[in-house]
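**Q** Pasting a predicted model and its sequence here:
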Amino acid sequence: MNGGGSGTGAVGDRLAPVLRPVRAGNGFEEALERILRILRLGLVPEGERLPSERELAERLRISRVTLREVLKVLADQGLVESRRGRYGGTFVRARPESARGGEDELRRRIREVDVEDTLRFREVLEVGAAGLCAAHGLSDERAARLRAALDATRDAPLADYRRLDTMLHLTLAELAGSPSLAAQYAAVRATVNDLLDCIPLLVRNLEHSQAQHTALVEAVLDGDADGAREVMREHCEGTAALLRGFLSDDAADATGAGTGTGTGTGTGTGTGNGQG
(Lines give C-alpha, C1' and ligand atoms only; values in the text may rest on other atoms or scores of the structure.)
Protein backbone atom coordinates (compact mmCIF):
# COMPACT_ATOMS: atom_id res chain seq x y z
CA MET A 1 0.00 0.00 0.00
CA ASN A 2 1.35 3.41 -0.93
CA GLY A 3 1.41 6.22 1.58
CA GLY A 4 1.72 9.97 1.50
CA GLY A 5 4.80 9.79 3.71
CA SER A 6 7.64 12.03 2.71
CA GLY A 7 7.29 15.14 0.64
CA THR A 8 10.25 14.07 -1.48
CA GLY A 9 8.65 11.07 -3.21
CA ALA A 10 6.18 10.80 -6.05
CA VAL A 11 3.22 11.69 -3.84
CA GLY A 12 5.08 14.64 -2.39
CA ASP A 13 5.95 15.87 -5.88
CA ARG A 14 2.37 15.81 -7.07
CA LEU A 15 1.14 17.49 -3.90
CA ALA A 16 3.62 20.37 -4.14
CA PRO A 17 1.40 22.70 -6.22
CA VAL A 18 -1.42 22.41 -3.69
CA LEU A 19 0.21 21.69 -0.33
CA ARG A 20 1.54 25.21 0.19
CA PRO A 21 1.81 27.23 3.42
CA VAL A 22 -1.35 28.97 4.51
CA ARG A 23 -1.37 32.66 5.28
CA ALA A 24 -0.78 33.74 8.86
CA GLY A 25 -3.93 33.86 10.96
CA ASN A 26 -6.02 31.87 8.50
CA GLY A 27 -5.06 28.29 9.18
CA PHE A 28 -8.29 26.32 9.46
CA GLU A 29 -10.29 27.30 6.37
CA GLU A 30 -7.27 27.62 4.13
CA ALA A 31 -5.77 24.30 5.26
CA LEU A 32 -9.17 22.69 4.73
CA GLU A 33 -9.27 24.16 1.25
CA ARG A 34 -5.81 22.79 0.45
CA ILE A 35 -6.56 19.23 1.55
CA LEU A 36 -10.01 19.22 -0.05
CA ARG A 37 -8.37 20.22 -3.30
CA ILE A 38 -5.95 17.30 -2.95
CA LEU A 39 -8.90 14.95 -2.52
CA ARG A 40 -11.03 16.47 -5.31
CA LEU A 41 -8.16 16.33 -7.77
CA GLY A 42 -7.35 12.75 -6.84
CA LEU A 43 -3.76 13.61 -5.99
CA VAL A 44 -3.98 11.00 -3.25
CA PRO A 45 -6.19 8.22 -4.65
CA GLU A 46 -8.95 6.49 -2.73
CA GLY A 47 -7.51 3.96 -0.31
CA GLU A 48 -4.11 5.63 -0.11
CA ARG A 49 -2.64 7.47 2.84
CA LEU A 50 -2.20 11.20 3.20
CA PRO A 51 1.18 12.49 4.35
CA SER A 52 1.75 12.21 8.09
CA GLU A 53 0.27 14.78 10.46
CA ARG A 54 3.74 16.11 11.14
CA GLU A 55 4.49 16.61 7.44
CA LEU A 56 1.11 18.16 6.69
CA ALA A 57 1.43 20.59 9.61
CA GLU A 58 4.95 21.56 8.61
CA ARG A 59 4.14 22.06 4.95
CA LEU A 60 0.95 23.99 5.65
CA ARG A 61 2.66 25.84 8.52
CA ILE A 62 -0.16 25.26 10.96
CA SER A 63 -0.28 23.69 14.41
CA ARG A 64 -0.97 20.00 14.85
CA VAL A 65 -4.11 20.98 16.80
CA THR A 66 -5.49 22.94 13.83
CA LEU A 67 -4.56 20.15 11.43
CA ARG A 68 -6.38 17.57 13.54
CA GLU A 69 -9.50 19.73 13.49
CA VAL A 70 -9.26 19.89 9.70
CA LEU A 71 -8.87 16.11 9.50
CA LYS A 72 -11.83 15.67 11.86
CA VAL A 73 -14.02 17.71 9.52
CA LEU A 74 -12.91 15.59 6.58
CA ALA A 75 -13.57 12.40 8.56
CA ASP A 76 -17.01 13.63 9.62
CA GLN A 77 -17.79 14.27 5.96
CA GLY A 78 -16.78 10.69 5.12
CA LEU A 79 -13.82 11.76 2.99
CA VAL A 80 -11.00 10.29 5.08
CA GLU A 81 -10.59 7.78 7.89
CA SER A 82 -7.99 7.33 10.60
CA ARG A 83 -6.33 3.94 11.07
CA ARG A 84 -4.09 2.97 13.96
CA GLY A 85 -1.10 0.71 14.10
CA ARG A 86 2.25 0.43 12.39
CA TYR A 87 0.74 1.08 8.98
CA GLY A 88 -1.83 3.53 10.23
CA GLY A 89 -2.47 7.14 9.34
CA THR A 90 -5.17 9.12 7.56
CA PHE A 91 -6.53 7.36 4.48
CA VAL A 92 -8.71 8.63 1.65
CA ARG A 93 -12.11 6.94 1.63
CA ALA A 94 -14.17 6.01 -1.38
CA ARG A 95 -17.09 8.40 -1.54
CA PRO A 96 -20.53 6.76 -1.57
CA GLU A 97 -22.89 7.66 -4.37
CA SER A 98 -25.20 9.40 -1.90
CA ALA A 99 -22.43 11.87 -1.09
CA ARG A 100 -22.08 12.85 -4.73
CA GLY A 101 -25.56 14.36 -5.02
CA GLY A 102 -24.57 17.62 -3.37
CA GLU A 103 -21.48 17.82 -5.53
CA ASP A 104 -23.57 17.30 -8.66
CA GLU A 105 -25.92 20.10 -7.61
CA LEU A 106 -22.98 22.38 -6.80
CA ARG A 107 -21.43 21.58 -10.19
CA ARG A 108 -24.73 22.41 -11.90
CA ARG A 109 -24.98 25.74 -10.11
CA ILE A 110 -21.36 26.57 -10.88
CA ARG A 111 -22.03 26.13 -14.58
CA GLU A 112 -24.73 28.79 -14.34
CA VAL A 113 -22.57 31.49 -12.73
CA ASP A 114 -19.05 32.86 -12.88
CA VAL A 115 -18.03 31.87 -9.37
CA GLU A 116 -14.81 33.86 -9.23
CA ASP A 117 -16.52 36.98 -10.52
CA THR A 118 -19.32 36.54 -7.98
CA LEU A 119 -16.93 36.12 -5.06
CA ARG A 120 -14.80 39.11 -6.05
CA PHE A 121 -17.79 41.36 -6.66
CA ARG A 122 -19.22 40.34 -3.30
CA GLU A 123 -15.92 41.25 -1.63
CA VAL A 124 -15.78 44.64 -3.35
CA LEU A 125 -19.32 45.51 -2.25
CA GLU A 126 -18.99 44.29 1.33
CA VAL A 127 -15.56 45.77 1.98
CA GLY A 128 -16.79 49.07 0.56
CA ALA A 129 -19.96 49.02 2.65
CA ALA A 130 -18.03 48.30 5.84
CA GLY A 131 -15.61 51.13 5.14
CA LEU A 132 -18.41 53.59 4.35
CA CYS A 133 -20.34 52.79 7.52
CA ALA A 134 -17.26 53.23 9.67
CA ALA A 135 -16.00 56.36 7.91
CA HIS A 136 -19.31 58.23 7.94
CA GLY A 137 -20.54 56.94 11.28
CA LEU A 138 -23.98 55.66 12.26
CA SER A 139 -26.73 57.39 14.18
CA ASP A 140 -27.80 55.82 17.46
CA GLU A 141 -30.80 54.26 15.75
CA ARG A 142 -28.72 52.80 12.93
CA ALA A 143 -26.07 51.56 15.34
CA ALA A 144 -28.80 49.82 17.32
CA ARG A 145 -30.03 48.12 14.13
CA LEU A 146 -26.55 46.79 13.44
CA ARG A 147 -26.10 45.54 17.01
CA ALA A 148 -29.51 43.84 16.91
CA ALA A 149 -28.63 42.06 13.66
CA LEU A 150 -25.37 40.86 15.20
CA ASP A 151 -27.14 39.65 18.36
CA ALA A 152 -29.60 37.66 16.25
CA THR A 153 -26.79 35.70 14.62
CA ARG A 154 -25.26 34.88 18.01
CA ASP A 155 -28.47 33.21 19.20
CA ALA A 156 -29.41 31.59 15.90
CA PRO A 157 -30.05 27.83 15.74
CA LEU A 158 -28.15 26.09 12.96
CA ALA A 159 -31.28 25.75 10.84
CA ASP A 160 -31.82 29.51 10.87
CA TYR A 161 -28.24 30.70 10.81
CA ARG A 162 -28.00 31.29 7.06
CA ARG A 163 -31.01 33.60 7.02
CA LEU A 164 -29.87 35.67 10.00
CA ASP A 165 -26.29 35.81 8.77
CA THR A 166 -27.60 37.12 5.47
CA MET A 167 -29.72 39.71 7.31
CA LEU A 168 -26.66 41.01 9.17
CA HIS A 169 -24.76 41.49 5.93
CA LEU A 170 -27.77 43.07 4.22
CA THR A 171 -28.21 45.44 7.16
CA LEU A 172 -24.62 46.62 6.85
CA ALA A 173 -25.06 47.15 3.10
CA GLU A 174 -28.24 49.17 3.69
CA LEU A 175 -26.57 51.29 6.39
CA ALA A 176 -23.84 52.32 3.93
CA GLY A 177 -26.28 54.88 2.55
CA SER A 178 -26.31 53.76 -1.06
CA PRO A 179 -29.51 52.06 -2.28
CA SER A 180 -27.70 50.98 -5.43
CA LEU A 181 -24.99 49.26 -3.40
CA ALA A 182 -27.58 47.52 -1.23
CA ALA A 183 -29.51 46.30 -4.28
CA GLN A 184 -26.38 44.97 -5.95
CA TYR A 185 -25.33 43.25 -2.75
CA ALA A 186 -28.72 41.58 -2.33
CA ALA A 187 -28.39 40.11 -5.82
CA VAL A 188 -24.85 38.83 -5.40
CA ARG A 189 -25.62 37.47 -1.93
CA ALA A 190 -28.45 35.38 -3.36
CA THR A 191 -25.99 33.79 -5.77
CA VAL A 192 -23.46 33.15 -3.00
CA ASN A 193 -26.16 31.54 -0.86
CA ASP A 194 -27.14 29.24 -3.73
CA LEU A 195 -23.56 27.95 -3.75
CA LEU A 196 -23.22 27.74 0.03
CA ASP A 197 -26.43 25.72 0.21
CA CYS A 198 -24.54 22.85 -1.44
CA ILE A 199 -21.75 22.55 1.14
CA PRO A 200 -21.88 21.47 4.80
CA LEU A 201 -21.98 23.86 7.69
CA LEU A 202 -18.73 23.59 9.64
CA VAL A 203 -19.18 24.58 13.26
CA ARG A 204 -15.60 25.76 13.69
CA ASN A 205 -16.00 28.00 10.67
CA LEU A 206 -19.34 29.27 12.01
CA GLU A 207 -17.73 30.15 15.35
CA HIS A 208 -14.95 32.01 13.62
CA SER A 209 -17.51 33.75 11.44
CA GLN A 210 -19.18 34.99 14.60
CA ALA A 211 -15.86 36.29 15.95
CA GLN A 212 -15.35 38.15 12.67
CA HIS A 213 -18.89 39.56 12.82
CA THR A 214 -18.20 40.91 16.32
CA ALA A 215 -14.87 42.45 15.30
CA LEU A 216 -16.51 43.96 12.22
CA VAL A 217 -19.35 45.60 14.13
CA GLU A 218 -16.96 46.90 16.76
CA ALA A 219 -14.72 48.45 14.08
CA VAL A 220 -17.71 50.07 12.36
CA LEU A 221 -19.08 51.52 15.60
CA ASP A 222 -15.61 52.73 16.60
CA GLY A 223 -15.25 54.56 13.29
CA ASP A 224 -12.25 52.42 12.30
CA ALA A 225 -12.71 52.32 8.53
CA ASP A 226 -9.43 50.55 7.80
CA GLY A 227 -10.11 47.93 10.46
CA ALA A 228 -13.67 47.36 9.24
CA ARG A 229 -12.51 46.92 5.66
CA GLU A 230 -9.79 44.45 6.68
CA VAL A 231 -12.10 42.31 8.83
CA MET A 232 -14.70 42.20 6.08
CA ARG A 233 -12.10 41.33 3.46
CA GLU A 234 -10.87 38.41 5.56
CA HIS A 235 -14.45 37.30 6.21
CA CYS A 236 -15.28 37.24 2.50
CA GLU A 237 -12.07 35.39 1.71
CA GLY A 238 -12.96 32.74 4.30
CA THR A 239 -16.23 32.03 2.53
CA ALA A 240 -14.43 31.95 -0.81
CA ALA A 241 -11.90 29.45 0.57
CA LEU A 242 -14.64 27.05 1.65
CA LEU A 243 -16.41 27.24 -1.69
CA ARG A 244 -13.19 26.69 -3.64
CA GLY A 245 -12.29 23.80 -1.36
CA PHE A 246 -15.60 21.99 -1.89
CA LEU A 247 -15.68 22.50 -5.66
CA SER A 248 -15.28 19.47 -7.85
CA ASP A 249 -12.08 19.17 -9.85
CA ASP A 250 -13.78 20.43 -13.01
CA ALA A 251 -15.23 23.41 -11.20
CA ALA A 252 -11.94 24.12 -9.49
CA ASP A 253 -10.22 24.26 -12.87
CA ALA A 254 -12.86 26.70 -14.06
CA THR A 255 -12.52 29.04 -11.11
CA GLY A 256 -8.79 28.92 -10.64
CA ALA A 257 -6.62 27.84 -7.76
CA GLY A 258 -7.26 30.89 -5.59
CA THR A 259 -7.03 30.75 -1.84
CA GLY A 260 -9.16 32.12 0.92
CA THR A 261 -8.74 32.88 4.57
CA GLY A 262 -10.28 32.55 7.95
CA THR A 263 -9.51 30.77 11.20
CA GLY A 264 -11.29 30.32 14.42
CA THR A 265 -11.86 28.26 17.49
CA GLY A 266 -14.13 25.35 18.20
CA THR A 267 -14.54 22.05 16.47
CA GLY A 268 -16.99 19.74 14.81
CA THR A 269 -19.46 19.78 12.01
CA GLY A 270 -23.20 20.06 11.67
CA THR A 271 -25.84 19.60 9.08
CA GLY A 272 -26.90 22.54 7.03
CA ASN A 273 -24.98 25.09 5.03
CA GLY A 274 -21.64 26.83 5.25
CA GLN A 275 -21.29 30.33 6.65
CA GLY A 276 -21.36 33.47 4.52
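**A** Everything's here; your move. Residues are numbered from 1 along each chain as shown.

**Q** how many neighbours does residue 163 have?
**A** The tally of other residues near residue 163 (other CB atoms under 10 Å) stands at 12. Quick note: C-beta positions are derived from backbone N, CA and C, even for glycine.

**Q** How about residue 133?
**A** Neighbour tally, residue 133, other CB under 10 Å: 29.

**Q** Could you number the chain from 16 rather than 1 from now on?
**A** Noted, 16 is the first residue going forward, which turns the last one into residue 148.

**Q** dump the residue contacts of it.
**A** Residue 148 is in contact with 161, 187, 190-191, 235, 243, counting by CB atoms under 8 Å, 6 or more residues apart in numbering.

**Q** In TSV, list these along with neighbour count and distance to residue 181.
**A** Shown next, in TSV, are the contacts of residue 148 (neighbours: other CB atoms under 10 Å; distance: CB to CB, whole Å):
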residue	neighbour count	distance to residue 181
161	20	15
187	26	11
190	22	15
191	22	16
235	27	18
243	27	19
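
**Q** Out of those, which sit inside helices?
**A** Residues of these located in helices (DSSP state H): 161, 187, 190, 235, 243.

**Q** Kindly provide the distance from the third one to residue 161.
**A** The one in question is residue 190. 6 Å (CB to CB, to the nearest Å).

**Q** Show me the common contact partners of the two, please.
**A** Common contacts of residue 190 and residue 161 (CB under 8 Å, 6+ apart): 148, 153.

**Q** Quick check: which ranges of this structure have low pLDDT?
**A** Where the chain drops to pLDDT under 70, the residues are 16-28, 40, 56, 110-118, 120-122, 262-290.

**Q** Please, where are all the strands along it?
**A** Applying DSSP state E to the chain gives strands spanning 95-98, 104-107.

**Q** Nearest to residue 144, out of these?
**A** Closest to residue 144 of the strands of the chain is strand 95-98 (CB to CB; 38.4 Å).

**Q** Adjacent strands (with direction) for the closest one?
**A** Strand 95-98 pairs in its sheet with strand 104-107 (antiparallel), by DSSP bridges.

**Q** Helices of the stretch 116-265 of the chain, start to end?
**A** 130-151, 155-169, 173-190, 194-211, 218-236, 240-261, 264-270 (DSSP state H, counting those that start in this stretch).

**Q** circling back: of the strands of the chain, give the one that comes closest to residue 139.
**A** Per CB to CB, nearest to residue 139 of the strands of the chain: strand 95-98, 35.6 Å.

**Q** What count of nearby residues applies to residue 83?
**A** Residue 83: 16 neighbours (other CB under 10 Å).

**Q** what residues are up against the spatially closest residue to it that is not a sequence neighbour?
**A** Residue nearest to residue 83 in three dimensions, not counting chain neighbours: residue 68, with 7.0 Å by CB to CB, 6 or more residues apart in numbering. Residues near residue 68 by CB under 8 Å, 6+ apart: 79, 82-83, 86, 105.
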